[in-house]
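Participant: Here's my sequence, what's the structure:
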Amino acid sequence: MPTTPTYPGVYIEEVPSGVRTLVGVSTSVAAFIDRFARGPVGTPVRIFSTADFEREFGGLEAASAASYGIRQFFLNGGTEAQVVRVETTGSEVADVVLTGGGVDVARVSAGRRVGRTSIADPGAWGNNLRVEVDYATTNPTELFNLLISEVAEVGGRMVVRQTEIFRNLTLQPAAPNNAIQVVNAGSKLVQLDRGGMADLEDPAPRPDPTGTTGIALPDPFEIPAEGAQFQIIVNPGGGAEDLEPATATLEYGATPPESYAVLRRFLERAIRAVDRNDPLLAGASVQLVGDRYRVVLGRAGAGFQPDAAIRFANATGDTAATDLGLAGADVIEGPQMVALENGADGDPPAEDELRGSRNAKTGMYALEDADLFNILCLPAAAELADAGEMQAVYADAEAYCEERRAFLLIDIPESVNELNEMETWLGENEGLRHRNAAVYFPRVRFPDPLNANRLRSFAASGTVAGLYAATDASRGVWKAPAGTEARLRNVQGLDSLLTDRQNGVLNPLGVNALRNFPVYGNVSWGARTLDGADVQASDWKYIPVRRLALFLEESLYRGTKWVVFEPNDEPLWAQIRLNIGSFMQNLFRQGAFQGRTPREAYLVKCDRETTTQDDINRGIVNILVGFAPLKPAEFVIIRIQQLAGQIET
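Facilitator: Next comes the predicted model:
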């Protein structure tokens, strides 16, 4: 209400319309749970493409069925997925302890920050992480820089995939540039900690630098003589012996250096000239950090080892190395990079690891932190050796999907590739029949990029989930994801080619067939839930009917939250009828329901009949929403009759 009128004039009052737009939720967000090459453990990560999956989880892994399923999901039309990585037995986090001044100063572990929590990232991938420390900071005597690189060997050479650098750090606990706080907040590769380490002295020591860092250079500037020589001793790392000492010569030419900054170039040139065929020396670089030289070996050679090292000595009768601060008791001679070690992928996920714990939010229950998912894929469950364990995982998954208003795609083991084997499997797993689940036969075959693109048998759930998403986007969730237009992309074959009669055995049992037809190729040729066996006569026989109901339930659940705590009387009921009615009318116009008129297609009822005075007293408002679902034309019967002896009139 506006303020009480006190002067003659016009007063403006905004009156709410009472219309609250009810928006339908997404219908094809797929959730995948398995082990992956990398990524945060026990945390759902939202991805939108295979590029996102490769960046967050490392891409395809031969032992991860879901990694191939995710790729198939996006190839077949999927646009959004929630991915959960489970931690498996034997998996280890790669780490290394940095030392400085003879004491442990920090532990560097593969991981990242999720929210306010440091999440470990186990796996052999962490063994490819490298750490470098240098003192080229705004305060070279107290601060340090930390460089994190992820490397890979390509064609026998080390290639840096990604790099993170954090500058001007300290280990002083209360400092705003404290290394642990800065790195943990900003890094997507590593996390730092000091767990189990002794308290640092004040001022806190720094990690030892990588490469060779000399002692302070003389002040004022002292130029070594033209032609001065010094010895270079290189250790290639990897446990190898030192290489034979080599001699470097300083050559100035017509313009000798006038400062250490200029001398740096001549020193670098002298080191590189020792052996142009050795990438360690030919690619070496020299930096002037404050009043010291830092020498770093080249890294482009085949089989580069992060613990490669270089040190210097005076040539016979010459003191050039000492003059340059590169020889002496105080010179720090360290590895070129510090490698993280002991990362391991571990075993395939076990039954308890896939199921997880609701309290701990592990396994499938990590999806408690995901806002929405509609399709759940657990291809790793079909690979469990024990059939009872597979049933336990899928039984829990069905219950969880019912709770979250999602749909489960059940995969069959690779050993089930004949009709009689599928019938036997179905008979042994009758307890998995559920209106929120479906199973497809046979498995699909497509090229494996990790095995020279040879055809390999894979679980069908990822491919089918992508098909669901494509059908939802083009036709709507009420359209059956099956038929000649339901082509399976990137599927080169099927484990079994079904005939019409064989298909006729499986369909009445509630098993959806994947078929191959000339011209159309490999297609989905079934649309029944596991509750859709003919003998059950279930209301939820068909996948599109069930998924439409789940879509309506979730949309109405989210779209009517505004009703809570509103005055429970006719004005509220009228608003509810208006808002839900508008939502259902829009779906009717899109062809989501049977019927020629809205009255035939749906109903929305909320009044004195649905909500009695007793309900009002107990704080309850009852809303009745009904719909007439479209059911797929599963059997097309064409009657042909011969007409003879027609007489024209």
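
Participant: Could you list the domains of the protein?
Facilitator: The record assigns the chain these domain ranges, following automatic domain parsing: 30-88+348-442+458-482+503-513+527-545, 95-193, 212-332, 569-649.

Participant: So which of the ones you listed is nearest Val15?
Facilitator: Closest of the domains of the chain to Val15 is domain 569-649, at 13.4 Å (criterion: C-beta to C-beta). Any C-beta I mention is one placed from the backbone N, CA and C, and that applies to glycine too.

Participant: quick revisit: buried deepest among the domains of the chain, which one?
Facilitator: Among the domains of the chain, domain 30-88+348-442+458-482+503-513+527-545 has the highest mean neighbour count (mean count of other C-beta atoms under 10 Å), at a mean of 21.

Participant: Grab the nearest non-local neighbour of Leu488.
Facilitator: Asn522 (4.4 Å; C-beta to C-beta, 6 or more residues apart in numbering).

Participant: Would you agree the one you found is in contact with Asp495?
Facilitator: No: counting by C-beta atoms under 8 Å, Asn522 does not reach Asp495; the two are 11.4 Å apart.

Participant: So which of those two has more stuff around it?
Facilitator: The neighbour comparison of Asn522 against Asp495 (other C-beta atoms under 10 Å) goes to Asn522, with 23 against 18.

Participant: what sits against that one?
Facilitator: By C-beta atoms under 8 Å, 6 or more residues apart in numbering, the residues touching Asn522 are 444, 487-488, 491, 493-494, 514-516.

Participant: mind redoing it with 7 Å?
Facilitator: Contact analysis of Asn522 by C-beta atoms under 7 Å, 6 or more residues apart in numbering lists 487-488, 491, 494, 514, 516.

Participant: Next: Gly100.
Facilitator: Applying C-beta under 7 Å, 6+ apart, the residues near Gly100 are 205-208.

Participant: which two in those residues are spaced the farthest apart?
Facilitator: Pro205 and Asp208 (9.0 Å).

Participant: Dump the helix or strand of the chain with the lowest mean pLDDT to PDB, restricted to CA.
Facilitator: Lowest by mean pLDDT, DSSP states H and E among the helices and strands of the chain is strand 117-120, with a mean of 85. C-alpha atoms of strand 117-120 as PDB (Å, rounded to 0.1, in the frame of the first residue of the first chain):
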ATOM      1  CA  THR A 117      37.800 -27.800   1.100                       C
ATOM      2  CA  SER A 118      41.000 -29.200  -0.300                       C
ATOM      3  CA  ILE A 119      40.100 -32.200  -2.300                       C
ATOM      4  CA  ALA A 120      42.800 -34.900  -3.000                       C
END
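
Participant: which residues are contacting whatever helix or strand comes next after it?
Facilitator: Sequence-wise, the next helix or strand downstream of strand 117-120 (DSSP states H and E) is strand 129-134. Strand 129-134 is contacted by residues 94, 96, 108, 110, 144-151, 189-190, 207-210, 289, 294, 306, 337-340 when judged by C-beta under 7 Å, 6+ apart.

Participant: Could you do stretch 605-618 as well?
Facilitator: Stretch 605-618 has contacts (C-beta under 7 Å, 6+ apart) with 568, 573, 576-577, 620-624.

Participant: so where is the stretch 351-500 of the chain shaky, pLDDT-wise?
Facilitator: The model of the stretch 351-500 of the chain has no residue with pLDDT under 70.

Participant: Show me the helices in it, by range?
Facilitator: Listed in chain order, the helices of the stretch 351-500 of the chain (DSSP state H, counting those that start in this stretch) span 351-355, 387-404, 419-428, 461-474, 500-506.

Participant: Make TSV from these and add distance to Pro40 to it.
Facilitator: What follows is those, written out as TSV (distance: least, C-beta to C-beta, whole Å):
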stretch	distance to Pro40
helix 351-355	15
helix 387-404	21
helix 419-428	35
helix 461-474	21
helix 500-506	40
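
Participant: Now the nearest residue to Trp540 once chain neighbours are set aside. Its backbone dihedrals?
Facilitator: In this structure, Trp540 finds its nearest non-sequential neighbour in Arg435, 3.8 Å apart by C-beta to C-beta, 6+ apart. Main-chain dihedrals, Arg435, degrees, to the nearest 10: phi -70, psi -20.

Participant: Might you report the residue contacts of Arg435?
Facilitator: By C-beta under 7 Å, 6+ apart, the contact list for Arg435 reads 529, 531, 538, 540, 546.

Participant: The residue nearest to Leu488 should be in a strand, yeah?
Facilitator: Yes: assessed with DSSP: H, G, I helix; E, B strand; the rest coil, Asn522 lies in a strand.

Participant: Run through the stretch 151-300 of the chain and note the low-pLDDT ranges.
Facilitator: The stretch 151-300 of the chain contains no residues with pLDDT under 70.

Participant: mind listing the helices for it?
Facilitator: In the stretch 151-300 of the chain, the helices defined using DSSP H, counting those that start in this stretch lie at 179-186, 260-273, 279-282.

Participant: Include distance to Val133 when you put those helices into TSV, please.
Facilitator: TSV is the format used below for these (distance: least, C-beta to C-beta, whole Å):
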stretch	distance to Val133
helix 179-186	10
helix 260-273	20
helix 279-282	20
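
Participant: just so I know, which of the ones you listed lies nearest Ser457?
Facilitator: helix 179-186 (42.5 Å).

Participant: roughly how far out does that closest one sit from the chain middle?
Facilitator: Relative to its chain's centre, helix 179-186 lies at 22 Å (C-alpha atoms, centre = their mean, to the nearest Å).

Participant: For the longest helix along the chain, name the packing helices and strands.
Facilitator: Counting residues, the longest helix in the chain under DSSP state H turns out to be helix 570-589. Using 3 or more C-beta pairs under 7 Å, 6 or more residues apart in numbering; DSSP states H and E, the elements in contact with helix 570-589 are helix 598-601, strand 602-605.

Participant: Swap in 8 Å and give it another go.
Facilitator: Contact here means 3 or more C-beta pairs under 8 Å, 6 or more residues apart in numbering; DSSP states H and E; on that basis helix 570-589 packs against helix 543-559, helix 598-601, strand 602-605, strand 624-627.

Participant: what residues does the first one touch?
Facilitator: What that stands for is helix 543-559. Contacts of helix 543-559 with the rest of the structure, by C-beta under 8 Å, 6+ apart, involve 20, 22-25, 27, 372, 374, 405-407, 435-436, 438, 468, 477-481, 512, 527-529, 531, 539-540, 579-580, 583, 592, 623, 625, 627, 629-632.

Participant: could you give the mean pLDDT of that helix?
Facilitator: The pLDDT scores in helix 543-559 average 96.

Participant: quick one: buried residues of it?
Facilitator: Neighbour counts over helix 543-559 (16 or more other C-beta atoms under 10 Å) mark 543-552, 554-556, 559 as buried.

Participant: So what's the gap between it and the chain middle?
Facilitator: On the basis of C-alpha atoms, centre = their mean, helix 543-559 sits 27 Å off its chain's mean C-alpha point.

Participant: State the distance from the closest residue to Ala387 other than its chain neighbours to Gln502.
Facilitator: Distances taken as C-beta to C-beta, 6+ apart place Glu428 nearest to Ala387, at 6.6 Å, with adjacent residues excluded. To Gln502, Glu428 is 19 Å away according to C-beta to C-beta, to the nearest Å.

Participant: From Gly526, how far out is the spatially closest residue to Arg528 that is not a sequence neighbour?
Facilitator: Spatial nearest neighbour of Arg528, excluding adjacent residues (C-beta to C-beta, 6+ apart): Gly510 at 4.9 Å. From Gly510 across to Gly526, the span is 9 Å (C-beta to C-beta).

Participant: what residues are up against Leu530?
Facilitator: Residues near Leu530 by C-beta under 8 Å, 6+ apart: 410, 432-435, 437-439, 510.
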